[in-house]
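Peer 1: Below: sequence and its predicted model.
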Amino acid sequence: MNVLQVLAAIAVVIFVIARQLRGEPLRGKRLILLPAILAVIGFTSLGKGGRHLTTPDLACLVISAVIAAGIGTAQGALLRLEPRDGVLWARMPVYGLWLWLALVVSRVVMTVVAVALHAPVAGSTAPILLLLGLNRLGQAAVVTPRALASGVPFAPEKDGRPFDVRGALAGLLGGSGAPPPGAERPARRPRPTEYPGPTEHPDPTASYDRSAGDGLRDPGRRGRRGRR
């Protein structure tokens with residue numbers, strides 16, 4: 001990873017912290033897709049420049065990934081969700097900065113450990129984007145179920161269209177969100193107020209029964225009519 005990539009990672013962290021402290025509409029793409037893309041870019045950059053992962057590298061990277069994702073889940077639990085203008089808003093309290101500090105300190109400590117174990121890739125700046133993406137995915141793993149359970153919709157994206165969070169999760173998990181081809185649809189139950197139409201009557205020549213209507217009339221009126 002070059003200096004520009006390091007500066008880009010620092011800029012992303014500052015941008016995320018500033019928006020979280022101020023509060024922002026919760027959007028699905030920023031919550032799920034962007035961290036996933038960041039993690040993929042960081043993972044593919046590990047092998048660039050002729051670098052080869054050794055056993056100490058893999059051990060240090062796994063430990064670093066678990067720490068980063070664990071801090072992300074704590075950040076997701078700490079994030080405050082509230083409805084505002086009909087959509088979800090997310091805001092991090094000020095004391096949530098301690099978790100960001102813990103993330104930075106853990107990275108520094110793991111860098112020292114990796115250098116001591118002769119793990120050149122894990123001790124370099126190459127895993128920063130990967131760990132940052134895993135940290136954000138750890139937060140998304142906690143925030144997404146909370147947001148879906150709240151019943152308040154996500155904020156629309158920049159283009160004004162809503163983002164299908166459930167569909168995106170189904171795609172990431174390898175599902176399509178649709179029922180399997182062999183699944184049978186449940187039979188339609190008739191509504192209690194559903195009556196047969198004229199063409200469904202068993203006797204098309206049936207006429208209106210006047211005696212049934214006479215039973216709903218006033219008996220006294222019938223008696224008066226009989227005395228005339």
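Peer 2: Cool, got the structure. Computed from a predicted model, the values in this text were never measured in an experiment.
Peer 1: what about the helices in this structure?
Peer 2: 3-22, 28, 34-44, 55-78, 97-116, 128-150, 165-172, 210-214, 219-227 (DSSP state H).
Peer 1: which one of those lies closest to R91?
Peer 2: helix 3-22 (6.8 Å; C-beta to C-beta). Every C-beta, even on glycine, is put in place using the N, C-alpha and C of the backbone.
Peer 1: same for the closest one, what does it pack against?
Peer 2: On a contact count with 3 or more C-beta pairs under 8 Å, 6 or more residues apart in numbering; DSSP states H and E, helix 3-22 meets strand 87-91, helix 97-116, helix 128-150.
Peer 1: right, so those: which one is the most enclosed?
Peer 2: Scoring the helices and strands packed on helix 3-22 by mean neighbour count under mean count of other C-beta atoms under 10 Å gives helix 128-150 as the most buried, with a mean of 21.
Peer 1: now that helix: how far from the chain's centre is it?
Peer 2: 9 Å (C-alpha atoms, centre = their mean, to the nearest Å).
Peer 1: least trustworthy helix or strand in this protein by mean pLDDT?
Peer 2: helix 210-214 (a mean of 43; mean pLDDT, DSSP states H and E).
Peer 1: Could you report the separation of K29 from K48?
Peer 2: In this view, K29 and K48 are 27 Å apart by C-beta to C-beta, to the nearest Å.
Peer 1: actually I17, sorry about that
Peer 2: Going from I17 to K48 by C-beta to C-beta gives 28 Å.
Peer 1: quick one, which of these two is more surrounded?
Peer 2: Per other C-beta atoms under 10 Å, whichever of I17 and K48 has more neighbours is I17, with 14 against 9.
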